[in-house]
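# Sequence and predicted structure, then a few things I'm wondering about:
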Amino acid sequence: MDFGTDILIALGKVVLIVVMVLNLIPLLIWMERKGAAYIQDRRGPNRCHILGIRLGGIIHSLADAVKLVTKGSTSTSATFHPLFVIAPMISLFVACVTVAVIPFTEPLVIGDFTFQFQIADLSAGLLYVIALSSLSVYAILLAGWSSGGKFSLLGALRGSSQMISYELAMGLAIVAIFLVSGSFRLNDIVAEQGAIPWHWNAVRLPLSFILLFTAMFAETNRLPFDLPEGESELSAGYHTEYSAMRFGAFFMAEYAHLVVGSLIVTLLFFGGWHIPFLSSATLHAHASDVLRILWIIGGIKALLLGAFLVRHFVRRKGYWGDLRDYEFLVFGVPLLLVGLALAVGFFVVGPVVLPEWASRLLVFLLQLGVMLAKTLFFVWVFIWVRWTLPRFRYDQLMRLGWKVMIPLGLVNIFIAGMMTMYLER
Amino acid sequence: MLETILFYLFAATSVTTALLVISRVNPLMSALWLVVCLASSAGLFALLSAPFLAIIQILVYAGAVMVLFLFVIMLIDISKEALKPRVVRFAKVVAVSITGYFTVIVCIVLWRPSFLPAPLADAAYGDVKVLGKMLLTDYAVPFELASLLLLAAMIGAVVMGKKKL
Amino acid sequence: MNWFQFLGLTLPWLIVLGASLTVLFLGTLMKRGAHAVSMAISLLSLVAALFLSWQHWVADVTVSMGMMSFGRMTFLGWMVIAIASIFTVLLSHDYLARRKLGHPEYYSLILLSTVGMASLIAGSHLMLIFLGIEVMSIAVYALAGFLRHRLSGNEAALKYFLTGAFASAFLLLGIAFIFGTTKTMDLTVLAEQLPTVLSGDMASWFLFGVAMVLIGFAFKIAAVPFHAWAPDAYDGAPTPITQFMATAVKAAAFFALLRVASPLVVAVGPGWAKTLWLLSAATMIIGNLAALMQDNLKRMLAYSSIAHAGYALVAFPTLSTQTPELVHGVIFYLIAYTFMTAGSFAIVAFAQGQGESADVSHVAGLAKRHPWMAASFTIFLLSLTGFPPTLGFFGKYFLFSGAIKNGSIGLVVLALLSSAVSAYYYLRPIVVMYFHESREGVLERTSPATSLVAVVTIAFLAILYFGIFPSDLLAIVQRSGM
């Protein structure tokens, strides 16, 4: 492979992964809104539609995007422009760049060809993540200061002091993982955990997990740590003066951080791409069986869901009296068809044994799916917590950070050290 | 080839931003340029096959130390008047001494052109494990002393800063 | 490397470090009585350090390990700083109690600073020397501003800190250049490599590094072009800390400079000897002339301390491994200086009373109310001037005779002339004490605190005893080797 192809592949990966993360954002916004609605016992977004297709409210996210892009950006006379413009960019940039070292799966090896779904496999990968996430403080700090308003400045000061404080706890929590894993490379950390759930770091280092996850909330500035934008006292904190896509960048960065945070938690504590009890070797050996099982499960699911949607359509016929009535049908019928096709297909191609490359690819995709599923679960936990817990008071926040989490982090390092000395080696 | 290009890129950035640091009137901008300067010197470390040092440089200096700098600068309400360049004696002294310093360096370089040797780069150089082992064996005493230094600085800061001891 | 032996050798300062942390913890636990307890703990630990250093000195171990080289010289240095710190702690108790500032952090910082000095004295590796200097200085920066509600206290801390940080940058840059050219920071290895380096093409970079290191040290010992911080820092700091800065900090810096100078600065060539010559001459002259104009006792002693650094520097232009008498002269001088300065500052602290002003008028009438105090102060000042039969005289005598033997006659003549000038400002407080009437409201207090009297007594006895029998002290110094 020559230099040019290398660069092309690298660029392709960058585009692929960044687009993937950025495209998750509207989905997450939808997830957040629906989740909030579910928790608060209401329906959530359900009005926006394109030709009657509402996709359960996802269209709202698209509408939001259009709104944010087309609105005009405002600023006040006290604004310091260069930094005001740069701040949201830093925010989004840092959030996206962090993804570079995240390994989504094991390397795909087909013959001589190796493809790793990771932009850069750094030996100090995890440190890179921490280092870059520590830079996201600048976005908040600069946004708050350059806005030239008191609310913004106060929000920025709160936000940055909070992030610095919790960064320490986060770093300490991660040190324990280094001790147990013996490497900074994210690939090694995941590989070291293996496929057996009680070898995952969440079980081996529960304290570390709790500390890191808590610190992640503070780092993403989400409830219960969303003091920088405490509405009741600071209107919107550091982004009070922002509007349109500049605000949008902050908004996107928040969700991008959410994704990255969940990815990190998955990788560090929940075995990354490993499927419980099924190591990669097992999967490779029985790829055809795995495919059959997946085929059956997929077919049954498609049939059931299709049937459910069609039944729903039949039951509520004429409820709205317009195009919206047919929405369930639009999804239900194709699903039924897909399910049927799968069922028929199983009898046709079922006995076929997969070739080597196909089984590799299958495992690759499967692991990618598992990784993303785990990640989405943690994203949901983030949302769940946000709509469940009330906000901390500022002094409580600081006390928690400095007087509880940091000492616990030190204790945790000690425990991890003992573990590595007496249990592992 | 790529390394040479990157070296000149990082070197040029760090020198330019260092100049910007000392020439900006607004301390906030100075601090921000310093962040860029530190980041580009981290790039230089990375080129010298010390990735750990590079990342720590960003993590500690850009991510923590400079944030605190900015924090303080933002809390001080600097008026437009105070930002006007003033001619003070201290600045003169500093300027003269630094000019002298560079003159000396330039003279030395012109007088006997020689370059500092490149560092030895073997495979383990800059590796985290090797570094850690060295810190806790050969360099254990300075390492512990450095922790004492931080302790002393911390107590000192509390003593100076706390309202009521 | 035998860690147990290392821990045994550094035990004096491990005890001090432990005491420092204990004091800090007690400060958080105890509400009342923390001051007395922390002072007692600090004192005990320092006395223990002194005793153990003495034991090491007697045992005469010579070994290098862990970037430190231990030998009688190291242990002697440790004893000097232990004594100086004991004086500081003793002075502090009364001083702080009067100002209701008795915080354990103060003692903790003093102890940390002494630990830094100890490693500075023992360090045979430039990295360790740098870290030692920093630990020592950072603690003292904070201590210099301990009178936090006084503007001049803040000024002292800020000036000392800024110039000190600047000096550290020079030192570090110099070390980086030396390391870059020789690939070593170990002083013994460096001394061996010196001829190769000096004849190689890296020589100019190396010399540049040496110059930077020299500048860094010159800041720490307050030699003249780099002395400007000293008067303000000495004036604004609490008096015991001023004493600490003048004795312990300076002694530690000189011990380290002796270690660094002989392989580096002096062996490099005559050009550097000239630089040191100029440094010494300027320090003596400017220190003494500026001291003439001071009405404030603390500022006067600050300039006098600059001048004394100049005297000690007289030995340096001709210093080498072949001139033990110069090294011994400097060390003897440092010990003498420690005693007389500590005593003088004790009297200044006493004269200050509750206030912060240290004007010379505060000692007016001291002879009538506290004749012993006045007598001791007289002795201290005479010793600082260099009158026989005090310790100060023999300090100067050994130092200058050694310098003459090695041919720096011009410098010695300058030193003698400028110390003749110094007689004026040293004798002035004596005149004020004995012949001026005390002003209303000054010195109304009845008796000095016991700890203060202890400092004065120890210093007084030491100066007189060693002034009459200087050979005892000289024997200790000479038996310490190089």
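Okay, I see it.

# contacts, neighbours, all on C-alpha from now
Will do.

# what's near enough to touch the residue of the stretch 101-250 of chain C found nearest chain A?
The nearest approach of the stretch 101-250 of chain C to chain A comes at residue C:105, 20.3 Å away (Cα to the nearest Cα). When contacts are counted by Cα atoms under 8 Å, 6 or more residues apart in numbering or on different chains, residue C:105 is found next to B:155, B:159, C:23-24, C:27.

# How about residue C:230?
Listed by Cα under 8 Å, 6+ apart, the contact set of residue C:230 reads C:160, C:222, C:302-303.

# hmm, try it at 7 Å
C:222, C:302 (Cα atoms under 7 Å, 6 or more residues apart in numbering or on different chains).

# That one: which element?
Using DSSP states H and E, the secondary-structure element containing residue C:230 is helix C:229-236.

# Now the element after that helix, going C-ward?
Scanning forward in sequence from helix C:229-236 by DSSP H and E, the next helix or strand is helix C:239-244.

# does any part of that next one sit near chain B?
No: remark: helix C:239-244 sits outside contact range of chain B, by Cα under 7 Å from any Cα of the partner chain, the gap being at least 14.1 Å.

# What's the mean pLDDT across that helix?
Averaged across helix C:239-244, pLDDT comes to 92.

# And for that helix, what's in contact with it?
Surrounding helix C:239-244, the residues in contact under the criterion Cα under 7 Å, 6+ apart are C:84-85, C:88, C:91-92, C:143-144, C:234, C:341-342, C:345, C:349.

# where does chain B have its least confident helix or strand?
The weakest-scoring helix or strand in chain B, judged by mean pLDDT, DSSP states H and E, is helix B:80-83 (a mean of 64).

# circling back to that earlier point, now, the most widely separated pair of the contacts of residue C:105?
Based on Cα to Cα, the longest span within the contacts of residue C:105 runs between B:159 and C:23 and measures 14.4 Å.

# Let's check: the centremost residue of the chain is which one?
As the question left the chain open, I've gone with chain A. Nearest to the geometric centre of chain A sits residue A:259, at 2.0 Å (Cα atoms, centre = their mean).

# my bad, chain B
Chain B, centroid-nearest residue using Cα atoms, centre = their mean: residue B:38 at 5.9 Å.

# In contact with it, which residues?
With Cα under 7 Å, 6+ apart as the criterion, the residues that contact residue B:38 are residue B:62.

# Okay, it and chain A: tell me how far apart.
Spatial separation of residue B:38 from chain A under the definition Cα to the nearest Cα, to the nearest Å is 12 Å.

# and that residue, what pLDDT?
Reading off the per-residue confidence, residue B:38 sits at a pLDDT of 91.

# which one of the contacts of residue C:105 sits closest to residue C:55?
Closest to residue C:55, out of all of the contacts of residue C:105 and judged by Cα to Cα, is residue C:23, at 25.5 Å.

# Next, count neighbours for the closest residue to chain A within chain B.
For chain B and chain A, the shortest gap (Cα to the nearest Cα) falls at residue B:59, measuring 4.3 Å. Here the neighbour count serves as a burial measure; for residue B:59 (other Cα atoms under 10 Å in any protein chain shown) it reads 23.

# Phi, psi for the residue nearest to residue A:103 when sequence neighbours are not counted please.
What sits nearest to residue A:103 in space, not counting adjacent residues and going by Cα to Cα, 6 or more residues apart in numbering or on different chains, is residue A:118, at 4.7 Å. In terms of degrees, to the nearest 10, the main-chain angles of residue A:118 are phi -160, psi 140.

# likewise residue C:31?
Dihedral pair for residue C:31: phi -90, psi -50, per degrees, to the nearest 10.

# Please apply the same query to residue C:221.
Its backbone dihedrals place residue C:221 at phi -90, psi 0, with angles given as degrees, to the nearest 10.

# Compute the number of surrounding residues for the residue nearest to the residue of chain B closest to chain A when sequence neighbours are not counted.
Nearest residue to residue B:59, sequence neighbours excluded (Cα to Cα, 6+ apart): residue A:131, at 4.3 Å. Residue A:131 is flanked by 24 other residues according to other Cα under 10 Å.

# Equivalent analysis for residue C:43, please.
Using other Cα under 10 Å, residue C:43 has 23 neighbouring residues.

# I'd assumed residue C:86 was in contact with it.
Yes: with contact defined as Cα atoms under 7 Å, residue C:43 reaches residue C:86; the gap is 6.2 Å.

# Arrange the contacts of helix C:239-244 in JSON lines, one row each, with neighbour count and secondary structure as further columns.
Compiled in JSON lines, the contacts of helix C:239-244 are given as follows (neighbours: other Cα atoms under 10 Å in any protein chain shown; DSSP: H, G, I helix; E, B strand; the rest coil):
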{"residue": "C:84", "neighbour count": "27", "secondary structure": "helix"}
{"residue": "C:85", "neighbour count": "29", "secondary structure": "helix"}
{"residue": "C:88", "neighbour count": "28", "secondary structure": "helix"}
{"residue": "C:91", "neighbour count": "30", "secondary structure": "helix"}
{"residue": "C:92", "neighbour count": "25", "secondary structure": "helix"}
{"residue": "C:143", "neighbour count": "30", "secondary structure": "helix"}
{"residue": "C:144", "neighbour count": "33", "secondary structure": "helix"}
{"residue": "C:234", "neighbour count": "27", "secondary structure": "helix"}
{"residue": "C:341", "neighbour count": "25", "secondary structure": "helix"}
{"residue": "C:342", "neighbour count": "30", "secondary structure": "helix"}
{"residue": "C:345", "neighbour count": "28", "secondary structure": "helix"}
{"residue": "C:349", "neighbour count": "26", "secondary structure": "helix"}
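
# what's the distance between the residue nearest to the centre of chain B and chain C?
With distances taken as Cα to the nearest Cα, residue B:38 is found 17 Å from chain C.

# picking up where we left off before, work out for me the element the residue of the stretch 101-250 of chain C closest to chain A sits within.
Taking DSSP H and E as the definition, one finds residue C:105 inside helix C:104-122.

# cool, residue A:114 as well?
Using DSSP H and E, residue A:114 sits within strand A:113-115.

# Which strands border that strand, and is each parallel or antiparallel?
Here strand A:113-115 has these sheet partners by DSSP bridges: strand A:108-110 (antiparallel).

# what residues does the partner strand touch?
With Cα under 7 Å, 6+ apart as the test, strand A:108-110 has contacts from A:114-116, A:357, A:360, A:364.

# Counting neighbours, which bits of it end up buried?
Neighbour-count burial for strand A:108-110, counted by 16 or more other Cα atoms under 10 Å in any protein chain shown, picks out residue A:108.
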